[in-house]
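Student: Dropping the sequence and predicted coords here.
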Amino acid sequence: MTARISVMLALICVFATIFRGEAQSKQQQDKQIKIGLSMDSLRVERWRKDRDIFKKHAEGLGAKVIVQNADGDARRQNEQAENMMTQGVDVLVVIAKDGVAAASIVESAHKEGIKVLAYDRLILNSDVDLYISFDNEQVGYLQAEYIARKVPQGNYFLLGGAPTDNNARLLRKGQMRALQPLIDRGEIQIVAKQWAVDWDPRDALKKTEQVLTQHHNQIDAVVASNDGTAGGVIQALAGQKLAGEVPVSGQDADLAACQRIVEGTQAVTVYKPIHFIATKAAEEAIALAEGEPISDATHKVNNGKIDVPSILLTPIPVDKDNLDEVVIKGGFHKREAVYKTQ
Ligand code: BGC
């Protein structure tokens, strides 16, 4: 009899322990922070790095990350963001396809008490909680200033990025800051200004061909706003046997751009250490989800509605002289890949 009672007591203890364990792990799951990462697209090389580093870092800190790729469609991005809210994310990190259209993501998220971090691209006319990017105006300044040192006189073509991306405008602003004194002194002339729809290299190729035709190939320098579009520009120049003759800028330190710098067809890129922005954003997203104050948003950037607390990281211009030091030693690309020796 006593033996039977002891067995029953032991069983009760076992069940109680199992039940308590399950309850605890359910509690842990409930506490785990869920981050929704909403991406414009993965077409440009850097975004895969952004995604992978962000996810790995956030997961290393105990969060769960859901990633959605809108593949260049602003409406789809808004739907995906709504969908992630339904899935119960605690915070949204948005790389906006369209800085204006994404404002409604912020509005819906705030109705649900979900904070929003604008990653790399500012979300306009909204109460977005935090903006983390590189100093885009400075990127534009560095691009144009480099080209102006190479070509202090002559005809310039400015090829901007997607008009729907606030960064494209900031880049143009920085470029003009570098070029205006030379224009005022009559040393350079901007003979054409364009925007590449969706940052599409094919649009960049087409627009450069048109500009070359219109100006009878009398273009001495091209300030292109990223490496993808620089690729299109250089293809158009190559068609006129001008690749390598006309300096072209870019940004991102894409592998293809680094290879063109080695070959001499692209003059400069602007390197932005993706590791910094992605890890910082992962940490800040968790802080936002936990309702902690953001202590290191040292900048304020006006988005048309508010001064958004911002963290702006520093970009670095890269040409053939510091490519090894910055891009290869920094581990961004392998030497064999950049120099095509593998
Ligand atoms: C980013 C660039 C990128 C471009 C196209 C910009 O907003 O800052 O790094 O090349 O978008 O994706």
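Tutor: Everything's here; your move. Numbering: from 1, shown residues only.
Student: Contact partners for the closest residue to the ligand within the stretch 1-150 of the chain?
Tutor: The minimum distance from the stretch 1-150 of the chain to the ligand, using C-beta to the nearest ligand atom, falls at Val44 (3.8 Å). Using the backbone N, CA and C atoms, a C-beta is placed for each residue, glycine as well. Contacts for Val44 were tallied using C-beta atoms under 8 Å, 6 or more residues apart in numbering; they are Trp199, Asn226, Gly228, Asp252, Asp254.
Student: got those as JSON lines, with neighbour count, secondary structure and pLDDT columns?
Tutor: Converted to JSON lines, those look like this (neighbours: other C-beta atoms under 10 Å; DSSP: H, G, I helix; E, B strand; the rest coil; pLDDT from 0 to 100):
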{"residue": "Trp199", "neighbour count": "25", "secondary structure": "helix", "pLDDT": "98"}
{"residue": "Asn226", "neighbour count": "30", "secondary structure": "coil", "pLDDT": "98"}
{"residue": "Gly228", "neighbour count": "26", "secondary structure": "helix", "pLDDT": "98"}
{"residue": "Asp252", "neighbour count": "23", "secondary structure": "coil", "pLDDT": "98"}
{"residue": "Asp254", "neighbour count": "21", "secondary structure": "coil", "pLDDT": "98"}
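Student: just checking: which of these also lie near the ligand?
Tutor: With the criterion set as C-beta under 6 Å from any ligand atom, the members of the contacts of Val44 near the ligand are Trp199, Asn226, Asp252.
Student: wait, the last one sits on Ser225?
Tutor: No - taking C-beta atoms under 8 Å as the definition, Asp252 is not a contact partner of Ser225, at 10.0 Å.
Student: per-residue confidence at the residue of the stretch 1-150 of the chain closest to the ligand?
Tutor: On the pLDDT scale, Val44 is placed at 96.
Student: How about Ile35?
Tutor: So Ile35 comes in at 98 (pLDDT).
Student: Tell me which helix or strand it sits in.
Tutor: Ile35 belongs to strand 34-39 when assigned by DSSP states H and E.
Student: Between strand 34-39 and the helix or strand that that strand is followed by, find me the angle.
Tutor: Following strand 34-39 in sequence order, the next helix or strand is helix 46-60 (DSSP H and E). Compare the direction of helix 46-60 with that of strand 34-39 by axes from the mean of the first three to the mean of the last three C-alpha atoms, to 10 degrees and you get 180 degrees.
Student: quick one, strands of the protein?
Tutor: Under the criterion DSSP state E, the chain contains strands at 34-39, 64-69, 91-94, 115-119, 130-134, 154-160, 188-195, 221-224, 269-271, 299-302, 307-313, 316-318.
Student: Pick the most deeply packed of these.
Tutor: When you average the neighbours per residue for each of the strands of the chain (mean count of other C-beta atoms under 10 Å), strand 221-224 leads with a mean of 30.
Student: Touching it from outside, list them.
Tutor: Contacts with strand 221-224, where a contact means C-beta under 8 Å, 6+ apart, come from 143-144, 147-148, 150-151, 154-159, 175, 179, 188, 204, 208, 230, 233, 237, 246-250.
Student: try it again with 7 Å
Tutor: 143-144, 147, 151, 154, 156-159, 175, 204, 230, 233, 246-250 (C-beta atoms under 7 Å, 6 or more residues apart in numbering).
Student: Around the ligand, which positions in the chain sit nearby?
Tutor: Residues of the chain lying close to the ligand by C-beta under 6 Å from any ligand atom are Val44, Arg46, Asp120, Arg121, Gly161, Asp165, Asn167, Trp199, Asn226, Gln251, Asp252.
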